[in-house]
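Engineer: pasting a predicted model and its sequence here:
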Amino acid sequence: MSTGLYWFEHDLRLQDNRALSQLLQEVEQAHLIYIFQPKWFVLNKFGQCAMGQHRYQFLRQALDDLQQQLSSNGQQLHIYIGEPDAIIMRLHRQYQFTHIAKHFHTGVYERNQFERMSSLINDATLFTANSYTLYDQSDLPMSITDLPDVFSPFRRKVEKDAKPQAPINQDLNHLPAPCESEPYIALDLPEILGSEPNLLKHNQTVQNLIGGETQARAQMHYYTFETQGLSTYKETRNGLEGWDFSSKLSPWLAAGCISARQVAAWIKEYEGTYGANDSTYWLFFELLWREFYQWQQYKYGHHMYQHTGIQQHPPTGSHQPKHFADWCNGTTDYPIINACMRQLKYTGFMSNRGRQLVASCFVHELGLDWQYGAAYFEQMLIDFDPASNWGNWQYLAGVGSDPRGLRRFNLSKQTQTYDPNGEFVAYWSNYAGQ
């Protein structure tokens, strides 16, 4: 009997999941897994964890949703904690898989994991398939080596010469049988994540950021056909607080509860009904920024995380523990920065405008080492995406893809523009003893 192992990672959905669909078509029985890795919860050299409580809670919600969908269609999800190599080898000895698959990801660690797994297992068919990026590598109108290091040339080339891949649907009525009768759920997750974070239950963002494919699709529908918020996205996207000023899709995209290809297709469907304008294009434009950083990560690998960045140029700034702690806690001399950082601390979310401001302050006003800021964001953000997070921090620090280098924002002017009545600052001054 053919048996398959599927390893969910950044693709916590059943629809538009090419690797999963391919595996389910090939086998008669399937064992579907997700692995929490212990290293995610250990302090790194920057004094942060790779995963904090906000994103952990969102992922658990996404896994619960995935489990419910699978259970209602005769399949199961098994959640483990440990080193992937050891877990997968143990499962392979137990079930003798004929096929093993996981989704394609541009990250250096993810790619290394799959290569290592391929070297360990030589008696099964191993494969990946890409539903993570808008375009397959073969769709790009340039080689990875020739990939532009600046966004605008990349955008112009792909818009002119490439077409996003269409999402695919999975027939859930004919799934292969599970390999065993009861799902396995790891109960020995780290104690640091044993309770919910200190959330603001009345905050609209906190109330609505619920992990899972079901909620992702509901949010996409809400922002498009239900409220037509997409038609004014370009005008409202620089908001700082609230739910409707932007699509809020980034957490679900980062966890893979929805794909960039699904979002792009939904934009086209919406434009067919309500018409295209600058705002509908601008959400696709943001998907292209995400795409750019994914392929930059694929091109540069470890350089995306190194101190000198993809430019291999020494940055300004140094680690100063007192200033770094003030920035993290929202106790700097800059009220707009303090409000943004408290928002992040208590919700796991910060607007795109806020991220630019706090990163600019971190590098320029406080003179800090950009890697510490990137590592703190990695720990705190619900929507953490390796390529976008580290790529954007390099951009602001002058060691990444920005041709101008060292982008600096006038914080007083930005406050007047985006919080002219001081409502955002006042809202978040109620927290952290302020």
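Structural biologist: Everything's here; your move. Numbers count the residues shown, from 1 in each chain.
Engineer: show me the contacts for the nearest residue to G107 once chain neighbours are set aside.
Structural biologist: Nearest non-adjacent residue to G107, counting by Cβ to Cβ, 6 or more residues apart in numbering: P386, 5.2 Å away. The way it works is simple: take the backbone N, C-alpha and C, and place the C-beta from them, glycine included. Residues near P386 by Cβ atoms under 8 Å, 6 or more residues apart in numbering: G107, Q297, M304, E378.
Engineer: farthest-separated two in those?
Structural biologist: Among the contacts of P386, the pair separated by the greatest distance (Cβ to Cβ) is Q297 and E378, at 13.8 Å.
Engineer: and the two? which has more neighbours close in?
Structural biologist: The neighbour count for Q297 versus E378, taken as other Cβ atoms under 10 Å, is higher for Q297 (26 against 23).
Engineer: just checking, the more buried one touches M304?
Structural biologist: Yes. Between Q297 and M304 there is a contact at 5.1 Å, judged by Cβ atoms under 8 Å.
Engineer: which neighbours do these two share?
Structural biologist: Common contacts of Q297 and M304 (Cβ under 8 Å, 6+ apart): V108, P386, A387, W390, G391.
Engineer: got JSON lines for those, with pLDDT too?
Structural biologist: Below are the shared contacts of Q297 and M304 laid out as JSON lines (pLDDT from 0 to 100):
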{"residue": "V108", "pLDDT": "94"}
{"residue": "P386", "pLDDT": "96"}
{"residue": "A387", "pLDDT": "97"}
{"residue": "W390", "pLDDT": "97"}
{"residue": "G391", "pLDDT": "95"}
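Engineer: which one of those residues is nearest N169?
Structural biologist: Among the shared contacts of Q297 and M304, and counting by Cβ to Cβ, the member closest to N169 is A387, at 26.7 Å.
Engineer: show me the contacts for T236.
Structural biologist: Contacts of T236 were listed using Cβ under 8 Å, 6+ apart, and they are G229, D244, F245, S246.
Engineer: neighbours of the residue nearest to the second one when sequence neighbours are not counted, how many?
Structural biologist: If I follow you right, that is D244. Spatial nearest neighbour of D244, excluding adjacent residues (Cβ to Cβ, 6+ apart): G229 at 5.5 Å. Counted with other Cβ under 10 Å, residues neighbouring G229 total 19.
Engineer: for the one 4 residues further on, same thing?
Structural biologist: Here the neighbour count serves as a burial measure; for Y233 (other Cβ under 10 Å) it reads 22.
Engineer: same thing with C257?
Structural biologist: Neighbourhood size, C257 [other Cβ under 10 Å]: 29.
Engineer: how near is it to L12?
Structural biologist: As for C257, its distance to L12 is 5 Å (criterion: Cβ to Cβ, to the nearest Å).
Engineer: quickly list what's touching both of those two.
Structural biologist: By Cβ under 8 Å, 6+ apart, C257 and L12 have these common neighbours: A62, D65, G211, G212, E213.
Engineer: and the gap between the last one and A62?
Structural biologist: E213 sits 7 Å away from A62, going by Cβ to Cβ.
Engineer: tell me the buried residues in the helix or strand bottoming out on mean pLDDT in the chain?
Structural biologist: Within the chain, no helix or strand scores below helix 204-208, which has a mean of 88 by mean pLDDT, DSSP states H and E. Buried residues in helix 204-208, counting neighbours by 16 or more other Cβ atoms under 10 Å, are found at T205, V206.
Engineer: and the helix or strand following that helix, how far out from the chain's middle?
Structural biologist: Counting by DSSP states H and E, the next helix or strand C-terminal to helix 204-208 is helix 213-221. Taking Cα atoms, centre = their mean, to the nearest Å, the mean C-alpha location of helix 213-221 is offset from the chain mean by 16 Å.
Engineer: then stretch 333-351?
Structural biologist: With Cα atoms, centre = their mean, you get 19 Å for stretch 333-351.
Engineer: buried set for that stretch?
Structural biologist: Buried residues in stretch 333-351 (16+ other Cβ under 10 Å): 334-351.
Engineer: among these, which ones are in helices?
Structural biologist: Within the buried residues of stretch 333-351, residues falling in helices by DSSP state H are 335-347.
Engineer: assumed G4 was part of a helix.
Structural biologist: No. Read with DSSP: H, G, I helix; E, B strand; the rest coil, G4 is strand and lies in no helix.
Engineer: and it, what is it in contact with?
Structural biologist: Counting by Cβ under 8 Å, 6+ apart, G4 touches 23-24, 26-27, 29-31, 97-101, 176.
Engineer: between those, which is nearest T316?
Structural biologist: A101 (44.3 Å).
Engineer: got the contact list for that closest one?
Structural biologist: Residues in contact with A101 (Cβ under 8 Å, 6+ apart) are G4, L5, Y6, W7, A19, L20, Q22, L23, L126, F127, T128, A129.
Engineer: ok, so of those, who is nearest Q262?
Structural biologist: L20 (14.3 Å).
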